[in-house]
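Student: Sequence and predicted structure below; questions after.
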Amino acid sequence: MPASSASADERPLVELASAALSTPTSTSAPAATTAFPPPAAPGFSRLVRCNAPSSFPADGGGGAQQAYPGNAISTTKYTPASFVPKSLFEQFRRAANFFFLVVACVSFSPLAPYRAVSVLLPLVVVIGAAMAKEAVEDWRRKQQDIEVNNRKVEVYGGVQSFHVTEWKKLRVGDIVKVKKDEFFPADLLLLSSSYEDGICYVETMNLDGETNLKRKQSLDVTVGLKDEHFLHSFKAFIQLPISLYISIEIVKVLQSTFINQDRDMYCEESDKPARARTSNLNEELGQVHTILSDKTGTLTCNSMEFVKCSIAGVAYGNSPTEVEMSYGGIDEHSSCNRQKDAAKSVKGFNFTDDRLMNGKWTMECSQGAIEMFFHVLSVCHTTIPVSDRNFVGMSYEAESPDEAALVTAAREFGFEFYHRTQTTISVHEHDAISGRKVDRTYKILNILEFSSARKRMSVIVRTEEGQIFLFCKGADSVILERLSKDNEKACLERTKSHINEYSEAGLRTLALAYRELTEEEYSAWNNEYSAAKNSVPECIHKLAQAGIKIWILTGDKLETAVNIGLASFVVTYECTGEGNRMVPYDEIDRKLQDARRKISSKDNSTPFALIIDGNALTYALTGRLKNSFLDLAVDCASVLCCRISPKQKALVTRLVKFRTRKTTLAIGDGANDVGMLQEADIGVGISGAEGMQAVMASDFAIAQFRFLEQLLLVHGHWCYRRIAAMICYIFFKNLTFGLTLFWFEAHAMFSAQPAYNDWFMSFYNVAFTSLPVIALGVFDKDVSSRVCLKVPSLHLDGVNNTLFSWSRILSWMLNGMCCSIIIYFGAINAVLIQAVRLDGRVAGFDILGVTMYTCVVWTVNCQLALYISYFTWIQHFVIWGSILIWYMFLVIYGMFPAQISTTAYHVFLEACAPSPIYWLSTLIIVVTALLPFFLYKIVQSVFYPRYHEQVQRADSRKC
């Protein structure tokens, strides 16, 4: 039942049950219930009549329920009535369009040297084309709205049956049926479901990016509404009185305060009191019927320890488990207290068996298997080693307590993992032959992360001797079924028996396995794997090479964010990390200052990573700390913000955008990323498995993160270079043309004598010089896509804005001014006093105007030909075709009557074309005008080549 006027959306997905009525099941239904309007409560309320949206008033009066809008959505920018005025307003907000509008208005005055139509027509063409584009884009949005609004939904029609209608026809109060895998048409209130207890499970991936199911519960009074004939007499009245909610919330907050201050729930050992992190479930504490607990974390005080192991069918480990110790009865002390009194020397290691300790494992019969067991423990992980001043040896930061316990166990057995880089892992090992510690480094070839689908983690390494090993650890059910048939059957049965014993003793179990690979086996697998993986780490690495700084803004916990950063190359093992958790304001200030000093004292080649959580970020973005934090973050190679809210994501994005004054890009795939996408200069949505909310709010949409590499390094580089060249060239060609007019008017003492025919003026930017500029912006490229990806540093041209700097713009403007001077004074001296016509008459202003205009058209088009780096037939066609169009126009327009063509009447056929002076002066003037740029380009490319030119030459030599 729509409870509000929420927009219908194509992303909410019902995974198992409905949000209104699911598939009916045969069950006894309660008597029809009629809910009458309760007395009006103080405060604002929303009143909804269920199952009778048109016959019951919304306010308890006699009016029909018309207070709520319909369910149709509209994402269009315009309506038929507002398109013309609103679109015109948008167009004339641009300075250039407004300027030409003023010029067009002035041209209607009698003082204007040109006819109004010659100025107004180009403006109408440009504005009309822009409005047509806006109309097409808005029409496409309208088509998407129509598609969503016309989706079908089953609505109860009051005749003891559901009928299919469109989403847009839903009204507040309708009863709808939503089945498995169907979208929600609106905000819904659950009445009942096909489950007996009236629950359903909903995916909310479009809201929070999560694909896990959310449990929803119907009201007790409506849980039995399963059969359609019972809905005929069902009526309900819904009211949401705010004052009631306020009272309940105040009570719940006070109840939570009492829970937090209860000394009987205070643990002295860890100095942690009870914390009611939410006050919404207080009353349900008194309704608990069944307790379900995690056996490993909750019952053992979340302390993971290595206790027992089975290697090659032999069981090791004598320490009793908590379950074994409790067989004789419940100890009066808790398990936490027993652990405290057990006098353990090493956290995470509670193993006692002299057969494996202090190198005595070398005396065992299965020495080789034991050694490989220790190798897997010390190498197959993503743990980070940390030096601890209070501990002799290494301590570890791991993604989970399980992994930390396994690496700690390897250390205690004599295989101490102590260093990791992006491609290697180093271990202090107990050598079985010499009996001494040796340092060995394993080259990491591939890491296959743990996932809930694979239920295992694998790593492929190459030893110093050149051997390739696959090390794997994971759930015993997954590992055992993948074991080689060469394993001894009796040994395998003993291992399974030990696993069962450990499980019965209350221990978490996992299996370890290894395999030696040949070079051929690994090469074949790696080629297939490389083709299948999503290349996110490589994409991140190339983006970093391109000078792009990457910030990770996530709601995940710190350890998860760090490991994701390591796996995706956002953070490298060589990075020095600066982490901040929830600490006081002054402490954060001190940490920020210390970090700034540390970065300034280090060599620039040392990268730093800033890692901060949401709580600390709250302080860091307030007051005087904001500038310190942003200065520190900008100096770091990468930044990881974990445990932050969507609002904080948007705030950080906004601050970075204004602080750096550089272009910022945000990329996300869920609704919790929408604020960040909208705050950034560029929003990129990933159209993956988490709905389309981010895509609809984005500027660009890609299917996978790795495509960002192609989007930025290839298309971004090309588009930046093309647009920068277009703008500079447009400045050049318009100054070249416009300044010839200025020199002429100055020569004519500003007498309003026109230098060119009216239509010459109108078609300059429309017909004679427009197509080459478009071809430049669409097809030109300095290097191929392959080179763009191979040399990511080309992207630095855009980051540093080298191709659109003021010096570059002014140089093109200076070039245009020089060309205009050469064209004007060259034409004046070559044509104006010469006997150009066949009858001996000297040239007048009409011939001078045609000659100057011809030189301008040739110069600006040939200038573009000199600049273009990548020629195709299209460039040749539009450049030389534009020049040809000028001559064709001059011939055709000159044939019009003199009242229309005015100064262009027969001027080309009768005066210019037969005259050698016209053609010779055009050639000399154009070559002279192009010569400065030509010489500059040769000197600059030979003696002072820019970076992209160096890359061009290197690539051409390789080809």
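Tutor: Alright, I've got the coordinates.
Student: which residues in the stretch 551-700 of the chain form strands?
Tutor: Taking DSSP state E, counting those that start in this stretch, the strands of the stretch 551-700 of the chain run over residues 576-580, 608-613, 638-642, 665-668, 682-686, 700-702.
Student: make that the stretch 401-550 of the chain, sorry
Tutor: Secondary structure of the stretch 401-550 of the chain by DSSP E, counting those that start in this stretch: the strands cover 416-420, 424-430, 437-448, 456-462, 468-474, 511-517, 550-553.
Student: Just put those in TSV and tack on distance to Pro320.
Tutor: In short, each C-beta sits where N, CA and C put it, glycine included. Compiled in TSV, the strands of the stretch 401-550 of the chain are given as follows (distance: least, C-beta to C-beta, whole Å):
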stretch	distance to Pro320
strand 416-420	27
strand 424-430	27
strand 437-448	32
strand 456-462	29
strand 468-474	25
strand 511-517	23
strand 550-553	44
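Student: Need the nearest residue in space to the residue minimising distance to the centre of the chain, chain neighbours excluded.
Tutor: When C-alpha atoms, centre = their mean is applied to the chain, the residue found nearest the centroid is Ile667 (1.2 Å). The spatially closest residue to Ile667, leaving aside those adjacent along the chain, is Val684, at 4.2 Å (C-beta to C-beta, 6 or more residues apart in numbering).
Student: Mind pulling up the pLDDT for the one you found?
Tutor: According to the model's per-residue confidence, Val684 sits at a pLDDT of 81.
Student: show me what contacts it?
Tutor: 665-668, 677, 698-702, 708, 711 (C-beta atoms under 8 Å, 6 or more residues apart in numbering).
Student: show me what contacts the residue nearest to the centre of the chain?
Tutor: Applying C-beta under 8 Å, 6+ apart, one finds that Ile667 lies in contact with 673, 677, 683-686, 705, 708.
Student: same thing but at 7 Å, please
Tutor: Taking C-beta atoms under 7 Å, 6 or more residues apart in numbering as the definition of contact, the neighbours of Ile667 are 684, 686, 705, 708.
Student: looking at it, Ser193 is touching Cys200, isn't it?
Tutor: Yes: at 4.5 Å, Ser193 counts as touching Cys200 under the criterion of C-beta atoms under 7 Å.
Student: more neighbours, these two?
Tutor: Set Ser193 next to Cys200 and count neighbours by other C-beta atoms under 10 Å: Ser193 wins out with 28 against 25.
Student: so how far is Ala130 from that one?
Tutor: 52 Å (C-beta to C-beta, to the nearest Å).
Student: Scan this structure for its longest helix.
Tutor: Ordering each helix of the chain by length in residues (DSSP state H) puts helix 116-149 first.
Student: which strands and helices sit next to that helix?
Tutor: Using 3 or more C-beta pairs under 7 Å, 6 or more residues apart in numbering; DSSP states H and E as the contact definition, the elements that helix 116-149 packs against are helix 83-92, helix 95-106, helix 758-763.
Student: Enumerate every residue touching Asp635.
Tutor: Residues touching Asp635, when contacts are defined by C-beta under 7 Å, 6+ apart, comprise Ile599.
Student: how far away is it from Arg596?
Tutor: Asp635 is 7 Å from Arg596, by C-beta to C-beta.
Student: and what of Gln952?
Tutor: Computed with C-beta to C-beta, the distance linking Gln952 and Arg596 is 40 Å.
Student: Could you do Asn500 as well?
Tutor: Taken as C-beta to C-beta, the span from Asn500 to Arg596 is 57 Å.
Student: Compare those two (neighbour count), which wins?
Tutor: When Asn500 and Arg596 are compared for neighbours, Arg596 comes out ahead with 15 against 12, by other C-beta under 10 Å.
Student: Skip the chain neighbours and tell me the closest residue to that one.
Tutor: Distances taken as C-beta to C-beta, 6+ apart place Leu632 nearest to Arg596, at 5.5 Å, with adjacent residues excluded.
Student: again with Ala671
Tutor: Using C-beta to C-beta, 6+ apart and skipping the chain neighbours, the partner closest in space to Ala671 is Gln693 (3.9 Å).
Student: How confident is the prediction for the one you found, by pLDDT?
Tutor: 70.
Student: I figured it hits Gly675, correct?
Tutor: No: shown here, Gln693 and Gly675 do not form a contact pair, counting by C-beta under 7 Å, at 11.2 Å.
Student: just to revisit the earlier point, mind telling me which of the strands of the stretch 401-550 of the chain the model trusts least?
Tutor: Looking over the strands of the stretch 401-550 of the chain, mean pLDDT reaches its minimum on strand 550-553, with a mean of 82.
Student: For that one, name the packing helices and strands.
Tutor: Using 3+ C-beta pairs under 7 Å, 6+ apart, strand 550-553 sits against helix 536-545, strand 638-642.
Student: Run through who's touching stretch 310-321.
Tutor: The contact list for stretch 310-321, computed with C-beta under 7 Å, 6+ apart, reads 307-309, 350-353, 355-356, 366, 369-370, 373, 490-491, 494-495, 498, 505-507.
Student: Correction: the previous question concerned stretch 508-521.
Tutor: When contacts are taken as C-beta under 7 Å, 6+ apart, the neighbours of stretch 508-521 outside the stretch itself are 296, 372-373, 376, 467-476, 479-480, 483, 499, 502-503.
Student: tally of neighbours for Arg659?
Tutor: In terms of burial, Arg659 registers 16 neighbours under the definition other C-beta under 10 Å.
Student: now do Thr660
Tutor: Other residues near Thr660 number 13, with proximity taken as other C-beta under 10 Å.
Student: measure the closest residue in space to it that isn't next to it in sequence to Ser628 for me?
Tutor: Spatial nearest neighbour of Thr660, excluding adjacent residues (C-beta to C-beta, 6+ apart): Val634 at 6.3 Å. When C-beta to C-beta is the yardstick, Val634 and Ser628 sit 11 Å from each other.
Student: How about the contacts made by Ile384?
Tutor: Residues counted as contacts of Ile384 (C-beta under 7 Å, 6+ apart) are 396-397, 420.
Student: I'd like these as JSON lines, with neighbour count and distance to Ala81 appended.
Tutor: As requested, those are exported to JSON lines (neighbours: other C-beta atoms under 10 Å; distance: C-beta to C-beta, whole Å):
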{"residue": "Tyr396", "neighbour count": "19", "distance to Ala81": "67"}
{"residue": "Glu397", "neighbour count": "16", "distance to Ala81": "62"}
{"residue": "Arg420", "neighbour count": "18", "distance to Ala81": "65"}
